[in-house]
Structure formats: C-alpha cells, structure tokens
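**Q** Sharing a model that was predicted from the sequence below.
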Amino acid sequence: MSQDKEIFSMQQVVAALSELKEDEQVRVLRWAADRFGISLRPQPPSGKASGADALDAIETSEREFEDFASLFNRVTPKNGPEKALTAAYWHQVCLGQDTFEGMQINTELKHLGHRLPNVTDALSSLIGRKPSLVMQVRKSGKSKQARKKYKLTTLGIEMVGNMLSYSENGQ
C-alpha cells in the first residue's frame, strides 16, 4: 500500500515538473528539498571529489565568477575539450542560457588566447563520450557548417564542478 502512495506521488511530481523548463524544475526541486529537509547532494564518484563538493562548487560558481576569465583561471582546463566544456559551463550555468553555440564558446576562448582550431570537433568529442557531457539539441541549415545548438548534460555540469572543487582543494 505504501508503494502505491509513493508511485502516485511520483506521478504527480512528473506531471507538475514536465511543464517547466529545466531551470524552473531545479528551483522547484530545491525548494521542495529545503521544505522537507532532504539533501539532494549526489553520491560521491569513486576516486574523485565528493558529489557534495561538486554541488557546492556549482552553486558557488553561479555567483562567484564575475567573468569567464576568472572561471577559466580557476578550472585550468588542460585540453581542447576541457576548454570547450568550461566555456559551455560559463554560458549555461553562470550566464543561465538554455543552450549555446560553438561560435560563442570559441569567441570566449579566443578572448583569453585559447581559441580552438575546431570547436565542433571538441564539442563532438564531449558528445561522443559515454556518458555524454554535451548534447546537440538543434541544427539550423543543411550544410555541415550549419549552426548547431548545444546543451551540457548533468554529468557535464558535474564534471566542471569537480574541476572547480579540485582547484579549490589544491589538487
């Protein structure tokens, strides 16, 4: 009987959240967790910074970095895909954009002197990882050079959060 109540409640949550955008869903879930005293911190990945540290870094980054250079300096990405991931994080998490384009990513990196020779390859590398760190959500035009819209996956956001927590802990 108890499981029936749980399933019914879960169905109501799905119905309520399915009409909202992702950022609205996050706010509602955070409110509900706070209201009922529940921790939403992910389980720590093995051999990495704890999920709590990553979540703290994500929440901190939303207000801590006044510009992309500050975020980039803290994360210290080592290769093209990590640089693209960091710039994507800036646009999606820090600036609150739903999606981003490869050109936006490369423009941010270019201003810091870290332009990528092919940003699409770097983003494709992140898409090709299992599980994916980035997903393509839209393509406008038919050519190979058509504008593509991307979005970070939850794991992509957590990855940058882990990179932030590593740098804060001096690792």
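**A** Sure, I can see it. Source: prediction; values computed, not measured.
**Q** Show me what residue 152 is bridged to.
**A** residue 134 (DSSP bridges).
**Q** burial of it, as a residue count?
**A** 23 (other CB atoms under 10 Å). C-beta coordinates here come from the backbone N, C-alpha and C atoms, glycine included.
**Q** quick one: it from residue 138, how far?
**A** Applying CB to CB, to the nearest Å, the value for residue 152 to residue 138 is 15 Å.
**Q** Likewise for residue 83?
**A** Counting by CB to CB, the gap from residue 83 to residue 138 is 23 Å.
**Q** Comparing these two, which shows the higher neighbour count?
**A** Neighbours around residue 83 and residue 138, counted as other CB under 10 Å, are more numerous at residue 83. The numbers are 23 against 12.
**Q** mind checking the longest helix of the protein?
**A** The residue-count maximum for a helix in the chain (DSSP state H) belongs to helix 2-18.
**Q** start to end distance for stretch 16-24?
**A** This stretch, stretch 16-24, spans 11 Å end to end (CA to CA, to the nearest Å).
**Q** which residues make contact with that stretch from outside it?
**A** Stretch 16-24 is contacted from outside by 25, 28, 29, 96, 98, using CB atoms under 8 Å, 6 or more residues apart in numbering.
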